[in-house]
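Novice: just the structure for this:
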Amino acid sequence: MSSFLRTIRKIVCRNRFVSHTLSTNLKESTVKIIVGNGHFNSLATLLQFVVIVGAMEPKKRAQKVSMSLESKAQHYLNALKVRWMQLHEIPGMFAYQLQEARQGRRLPGKHGFYGELNAERSLKRRVPQAIESLNPTFKPKQFNFNKVDALEVMMTIDKEKDNSEVQMIINKSPLTKYHTLICPDVKSNLVQRATLSALSFCINFMRSINDAAVRLGYNSPGALASVNHLHFHMVHIPRDLYIDNVELQPLAGDYVYRLKPESPTEAICYVITARDTEREVREKVGNLHRLTEWLCDNQLPHNLFITHNHKSDDLRVFVFVRAKYCVTKDITAFNVGFCEMVGFLPLSDADKLQNMTEQMVIERIQDITGNAYESAYEQVKLIINGNIDAAWFHSLVI
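Specialist: Numbering: from 1, shown residues only. Alright, predicted model coming up:
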């Protein structure tokens with residue numbers, strides 16, 4: 001029992017910074033820390049109750065006032081990082097403890113692919129679901145984010161404009177420090193198909209933070225998605241990646257690009273500048289969503305990667321289109337999701353880490369990509385040039 005009390009005392013003491021962050025910086029925000037359903041159904045829930053009740057002033061626990069996401073995103077991120085580290089210290093909260101210093105290797109070559117050893121993820125993570133199509137049905141009996149322990153929900157953000165909630169949930173099998181699942185409208189049981197509202201939240205959140213190491217990713221069904229419940233991944237990758245240094249050439253309009261033909265891989269890139277007005281951002285996000293809807297309707301799996309341009313204040317949203325549908329993970333070669341597409345390779349054993357070559361990575365990505373981009377490039381041009389049925393577009397706008 002003394003060990004138990006010491007654990008609680010340690011967490012309460014560490015949480016004083018979170019209390020200060022929430023009470024000082026989020027007085028008028030709509031962030032909530034979830035305590036549970038009014039009862040302690042696990043040790044984790046009890047610990048959460050101790051952390052929050054011990055740290056927050058009683059008069060402010062129920063306060064809930066709307067403020068814009070843009071004005072509070074950095075404060076949310078600061079509090080989220082502290083909370084993630086606290087939970088990572090609780091035994092059994094994560095499937096494994098992510099080592100601060102992990103074995104890694106920059107693959108020889110000119111493109112800068114980087115491999116990192118993460119053996120425990122392949123051994124201890126939850127078994128991925130087989131998602132049958134890009135327009136799947138929600139199956140409540142399967143694992144979904146309504147079933148996570150209350151303590152796994154680090155934060156719930158109420159959006160100002162449409163009053164929908166976004167939950168920030170720990171990824172129990174983390175790829176990086178602060179690996180978080182961004183789950184919009186959890187109770188609506190949305191399938192793993194990107195919505196306009198979710199894309200808007202993710203892009204506005206990223207535009208409003210000043211940590212270039214924070215990246216957001218998305219895997220569609222057939223592109224390594226493992227849970228059929230809408231979610232994006234927030235990861236922390238402080239090093240330069242292959243995708244950070246690619247050269248772009250115009251594709252459509254003045255903000256959609258493709259990689260230059262001499263690049264070893266293909267991608268579509270939407271650029272959102274720091275100078276863009278709210279209206280311009282909404283137009284760009286709407287056109288991005290029109291593309292992802294077209295990809296889903298045409299059964300083309302895809303990955304998204306949202307990152308700051310390390311050479312300017314622009315935000316880049318990369319879309320990777322795939323010809324091959326991946327239902328189950330391939331144990332004979334490294335799997336390709338959004339991380340691998342951008343040049344970050346979490347590998348399951350030391351031999352793969354040491355033996356992986358740049359050419360192997362490129363050939364694997366090219367095999368999955370196939371010729372899917374030919375039609376995708378043409379569709380982007382049709383969308384941006386306004387040749388798509390306007391009635392269909394307006395039905396997607398919030």
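Novice: use CA for all of it now, contacts and neighbours both
Specialist: Fine.
Novice: now do the helices in the stretch 51-200 of the chain.
Specialist: Applying DSSP state H, counting those that start in this stretch to the stretch 51-200 of the chain gives helices spanning 69-88, 119-124, 196-207.
Novice: looking at those, which is buried most?
Specialist: helix 196-207 (a mean of 20; mean count of other C-alpha atoms under 10 Å).
Novice: what's the mean pLDDT across it?
Specialist: When pLDDT is averaged over helix 196-207, the result is 96.
Novice: now do the same for residue 311: its pLDDT.
Specialist: 85.
Novice: got it, and residue 349?
Specialist: We have a pLDDT of 89 for residue 349.
Novice: excluding chain neighbours, what is closest to it?
Specialist: residue 119 (5.4 Å; C-alpha to C-alpha, 6 or more residues apart in numbering).
Novice: what pLDDT does that neighbour get?
Specialist: 81.
Novice: roughly how far does the closest residue to residue 340 other than its chain neighbours sit from residue 176?
Specialist: Distances taken as C-alpha to C-alpha, 6+ apart place residue 346 nearest to residue 340, at 7.8 Å, with adjacent residues excluded. Distance, residue 346 to residue 176, by C-alpha to C-alpha, to the nearest Å: 9 Å.
Novice: more neighbours: the two, which one.
Specialist: residue 346 (23 against 18; other C-alpha atoms under 10 Å).
Novice: could you list the residues in contact with the helix or strand hosting that one?
Specialist: Using DSSP states H and E, residue 346 falls within strand 344-347. With contact meaning C-alpha atoms under 8 Å, 6 or more residues apart in numbering, strand 344-347 is reached by 113-119, 175, 241-242, 334, 339-340, 353.
Novice: need the contact list for the residue nearest to residue 349.
Specialist: 347-349 are the contacts of residue 119 under C-alpha under 8 Å, 6+ apart.
Novice: any chance of these in a markdown table with neighbour count and distance to residue 135 as columns?
Specialist: Listed next are the contacts of residue 119 as a markdown table, based on neighbours: other C-alpha atoms under 10 Å; distance: C-alpha to C-alpha, whole Å:
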| residue | neighbour count | distance to residue 135 |
| --- | --- | --- |
| 347 | 23 | 30 |
| 348 | 18 | 30 |
| 349 | 14 | 34 |
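Novice: can you put those in a markdown table and add distance to residue 317?
Specialist: Below are the contacts of residue 119 laid out as a markdown table (distance: C-alpha to C-alpha, whole Å):
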| residue | distance to residue 317 |
| --- | --- |
| 347 | 25 |
| 348 | 28 |
| 349 | 31 |
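Novice: can you show me the CA trace of the next helix or strand after the strand holding residue 346 as CSV?
Specialist: Following strand 344-347 in sequence order, the next helix or strand is helix 350-355 (DSSP H and E). Only the C-alpha atoms of helix 350-355 are listed here, as CSV (Å, rounded to 0.1, in the frame of the first residue of the first chain):
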residue,chain,number,x,y,z
ALA,A,350,17.7,-5.3,-35.4
ASP,A,351,18.5,-7.3,-38.5
LYS,A,352,16.0,-5.4,-40.6
LEU,A,353,17.4,-2.2,-39.3
GLN,A,354,20.9,-3.0,-40.2
ASN,A,355,20.1,-4.6,-43.6
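Novice: buried ones in the next helix-or-strand element following helix 350-355?
Specialist: Per DSSP H and E, the first helix or strand lying C-terminal to helix 350-355 is helix 358-369. Neighbour-count burial for helix 358-369 flags 358, 361-362, 364-366, 368-369 (criterion: 16 or more other C-alpha atoms under 10 Å).
Novice: flag every buried residue along the next helix-or-strand element following helix 358-369.
Specialist: Using DSSP H and E, the next helix or strand after helix 358-369 towards the C-terminus is helix 372-384. Of all the residues in helix 372-384, those buried under the rule 16+ other C-alpha under 10 Å are 372-373, 376-377, 379-381, 383-384.
Novice: closest to residue 71 out of those?
Specialist: residue 384 (29.9 Å; C-alpha to C-alpha).
Novice: show me what contacts that closest one?
Specialist: 252-253, 287.
Novice: now rank the residues you listed by neighbours and give me the top one.
Specialist: residue 287 leads the contacts of residue 384 on contacts (other C-alpha under 10 Å) with 22 neighbours.
Novice: overlap in contacts of residue 346 and residue 176?
Specialist: Contacts common to residue 346 and residue 176, judged by C-alpha under 8 Å, 6+ apart, are absent.
Novice: verify the stated contact: residue 138 with residue 189.
Specialist: Yes: the pair residue 138 / residue 189 is scored as a contact, 6.7 Å apart, by C-alpha atoms under 8 Å.
Novice: list residues touching both of those two?
Specialist: By C-alpha under 8 Å, 6+ apart, the residues touching both residue 138 and residue 189 are residue 229.
Novice: which residues of the stretch 51-200 of the chain score low on pLDDT?
Specialist: Residues of the stretch 51-200 of the chain that meet the criterion pLDDT under 70 lie in 51-67, 124-127, 159-163.
Novice: can you rerun that using 80?
Specialist: Counting by pLDDT under 80, the stretch 51-200 of the chain has low-confidence residues at 51-68, 120-130, 159-164.
Novice: got the residue ranges for the strands in it?
Specialist: 104-106, 114-117, 153-158, 165-170, 180-184 (DSSP state E, counting those that start in this stretch).
Novice: show me what the residue nearest the centre of the chain is bridged to.
Specialist: Nearest to the centroid of the C-alpha atoms of the chain, with distances taken as C-alpha atoms, centre = their mean, sits residue 233, at 1.9 Å. Beta-bridge partners for residue 233, by DSSP bridges, are residue 181, residue 217.
Novice: show me what contacts it?
Specialist: Counting by C-alpha under 8 Å, 6+ apart, residue 233 has contacts 179-182, 216-218.
Novice: identify, from those residues, the entry nearest to residue 281.
Specialist: Distances from residue 281 to these, taken by C-alpha to C-alpha, are shortest for residue 216, at 17.4 Å.
Novice: close enough to count as contact, that closest one and residue 207?
Specialist: No: between residue 216 and residue 207 there is no contact, the gap being 11.6 Å when judged by C-alpha under 8 Å.
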